[in-house]
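Trainee: Starting from these lines, generate the structure:
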Amino acid sequence: MPGKIISLNISEKKGVRKRPVNEVILKSGYGIEGDAHASSEWHRQVSLLAMESIKKMQDKGLDVKPGDFAENITTEGIDLMNLPVGTLLAIGEDVSAEVSQIGKECHTRCAIYYQAGDCVMPKEGIFVKVLSGGILKKGDRIKVIP
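Mentor: Numbers count the residues shown, from 1 in each chain. Coordinates of the predicted model:
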C-alpha cells in the first residue's frame, strides 16, 4: 500500500525549520535543488519524516507542523522508521531513492527538544540517497520497491 507526500520542505541554511513549497526538483546523487542539506558529498541527501510522527508531538501539546523538524519530505501512510537501510523507494512519477540512514544523532538540542523534552526526528526520521531525479509535488505517491 503506497503512502503519499503531505508536504515538501526546504531551507537555504542548515539548522533551521524548513518552509513548505509546492514542488521540488530532485537531482540524482545530490538531493533537492535549493536545499541546504543537498550534497553529492554524503549519504543524507534528503530527509523524510512521517506525519504520524509529527502527530505524536502535537499530541504532547506542541504547535508543530510539517517542516518544523527540518525534514524535506513529510509522508503519510508508510512506516518509514521500520524500513531497513538499502530499501528502495519510488516517489512520484520518476524519482527513486535508497534508504541510507535511519534516525540521526542530534549534536545540539533543538528548540523542539527543549519545549517537549523529546524530538521525533532523531529516532523516526530517515535519510535517502537520490538514485534517479525528477520533480515531486505535494500529494505524490511514495512506495517501497520490493
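
Trainee: Low-confidence bits of this structure, can you list those?
Mentor: Residue ranges of the chain with pLDDT under 70: 15, 104-122.

Trainee: Where does the spatially most central residue of it fall, secondary structure wise?
Mentor: In the chain, the C-alpha nearest the mean C-alpha coordinate belongs to residue 48, at 1.7 Å (CA atoms, centre = their mean). Here residue 48 is covered by strand 46-50, with elements defined by DSSP states H and E.

Trainee: Give the pairing partners of that strand; include direction for each.
Mentor: Sheet neighbours of strand 46-50, with direction, are listed as strand 73-76 (parallel), strand 126-132 (antiparallel) (DSSP bridges).

Trainee: Kindly provide the distance from residue 68 to residue 125.
Mentor: Per CB to CB, to the nearest Å, residue 68 is found 12 Å from residue 125. Yep, even glycine has a C-beta here, placed from its N, CA and C like the rest.

Trainee: Quick check: the residue of the chain positioned farthest from its centre vs residue 14, distance?
Mentor: Going by CA atoms, centre = their mean, the residue of the chain most distant from its centre is residue 61, 22.2 Å out. Using CB to CB, one obtains 27 Å as the distance from residue 61 to residue 14.

Trainee: quick revisit: ok, the residue nearest to the centre of the chain - contacts?
Mentor: 71-75, 80, 125-128 (CB atoms under 8 Å, 6 or more residues apart in numbering).

Trainee: what's the answer for residue 129, then?
Mentor: Residue 129 neighbours (CB under 8 Å, 6+ apart): 29, 43, 45-46, 97-98, 100.
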